[in-house]
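Q: Requesting a structural model of the entry that follows:
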Amino acid sequence: MDPGDPRTGAADRRRRDIYVIILAVFSGAIDAFGFLGLGGSFTSVMTGNMVLLGAAAAGWETALAGHVLTAIVGYVAGTFVGARIAGEHVATDPVWPPRVTAALAVELGLFLATGIVWLVTGAAPTAAVQLALLATSAAGLGIQSAAIGRFGVAGLSTTYLTGTLTTLVTGLAARRPIGALRRPAFILLGLVAGAGVGALLLTHVRLLAPLVPSVLLATVVLGAVFTMRDRSGARARSPRDAGEP
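A: Model (predicted):
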C-alpha cells in the first residue's frame, strides 16, 4: 500500500492506538509492581506520590518518604531523558515517529535490567536494591510518558490518566460519538487490567512480576521497528519519492 494513501494513515493510527493501549496495560502492571513490591509508592502516578509524600512527612514515616522521593526523582530523570531522546512533536511527524521507538527501546532495556536484578535477588531485594529498582522503574515510565508526548495528541497518555478519564466523561456528557470515546475508554480499561495482572503476578509468580509485563513493551518496540522498516521500504520504492514520472 502506498504510504501516501489515506488508508495507510488510518491504518497507522489504528496501530498506534493499539500500541498505546498495550503500553497502558504495561504501565498498570508496573505501577502495581512498584506499589506492592517495592515499598508502597507509585512508579508513574506522581500526583499520588506527592500526596503520599505529604502524608509520610506529617506522620514522620521516613521509610515511606524515602521511597516516594526516590520514585519522584527517578520519574523526573526518566522524563528528562525521554524528552531528549523522543524530541518534541512537529507538524511533519509521521503517525509513529522513529524517535518514539528509540525512547521505548531504552525503557525496555531498563525494565529488562530490573527484571534480571529482581530474579538474582530471589524477588526479595535488600532495602538499597529495592530503592534502586524503584528508581529504575519510575525512570522507565518517565521515559515512556515523554515518548508518548511526542505524538502531540491531546489527552493521549499511558501513565497519568486523570486527563484521559476527564476526556471520557466530558465526551459522554457532550454526547460525542462512541467511536470518538473508544480510545480513552480502552486506555483506562487497559491500565486497570494491567494493575490486576501485576498484582496477580506478585501473588502467584513473584519472581516474574517485572519480566512478564516487559513482554508487552517488547511487543510494542518490535512492532514499531518492523512497521517503520516496511514504511521506509515503501517510500523508497515510491515513484513519486524517487522522482520518477
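
Q: List the buried residues for stretch 158-177?
A: Across stretch 158-177, burial judged by 16 or more other Cβ atoms under 10 Å covers Thr158, Thr159, Leu161, Thr164, Thr167, Leu168, Gly171. Just so you know, the C-beta spots here come from the backbone N, C-alpha and C atoms, and that holds for glycine as well.

Q: And stretch 14-32, by the same measure?
A: 16-17, 19-32.

Q: Stretch 122-138 too?
A: Residues of stretch 122-138 classed as buried by neighbour count (16+ other Cβ under 10 Å): Pro125, Gln130, Leu131, Ala132, Leu133, Leu134, Ala135, Thr136, Ser137, Ala138.

Q: Show me the buried residues of stretch 14-32 that map onto helices.
A: Among the buried residues of stretch 14-32, the ones falling in helices (DSSP state H) are 16-17, 19-32.

Q: closest to Gly194 among the residues you listed?
A: Gly28 (2.7 Å; Cβ to Cβ).

Q: Low-confidence regions, this protein specifically.
A: 1-8, 228-245 (pLDDT under 70).

Q: For Val221, give me its contacts.
A: Each residue near Val221 by Cβ atoms under 8 Å, 6 or more residues apart in numbering is listed here: Thr101, Leu104, Ala105, Leu108.

Q: State the helix or strand in which Ser41 lies.
A: Taking DSSP states H and E as the definition, one finds Ser41 inside no helix or strand.

Q: That one touches Asn49, doesn't it?
A: Yes - using Cβ atoms under 8 Å, Ser41 is in contact with Asn49, at 5.7 Å.

Q: Identify the contacts common to these two.
A: Joint contacts of Ser41 and Asn49 (Cβ under 8 Å, 6+ apart) are Val68, Ala71.

Q: closest to Gly9 among the ones in helices among the buried residues of stretch 14-32?
A: Nearest member of those to Gly9, counting by Cβ to Cβ, is Arg16, at 10.4 Å.

Q: Does the closest one touch Arg150 like I think?
A: No - in this structure Arg16 lies outside contact range of Arg150 using Cβ under 8 Å: 11.3 Å.

Q: Now do the phi/psi pair for Ser41.
A: In this entry, Ser41 is assigned phi and psi values of phi -130, psi 160 (degrees, to the nearest 10).

Q: All the helices of the chain, in order from the start?
A: Under DSSP H, the chain gives helices at 6-37, 46-58, 62-86, 98-120, 127-149, 162-173, 178-204, 211-237, 239-242.

Q: how about Trp96, phi and psi?
A: Taking degrees, to the nearest 10, you get phi -130, psi 100 for the backbone angles of Trp96.

Q: Pull the number of nearby residues for Gly149.
A: If you count neighbours by other Cβ atoms under 10 Å, Gly149 ends up with 20.

Q: quick one: contacts for the residue nearest to Gln144 when sequence neighbours are not counted?
A: Closest residue in space to Gln144, ignoring its immediate chain neighbours: Glu107 at 5.4 Å, by Cβ to Cβ, 6 or more residues apart in numbering. Contacts for Glu107 (Cβ under 8 Å, 6+ apart) come out as Gly78, Gly82, Gly140, Leu141, Ile143, Gln144, Ala147, Leu217.
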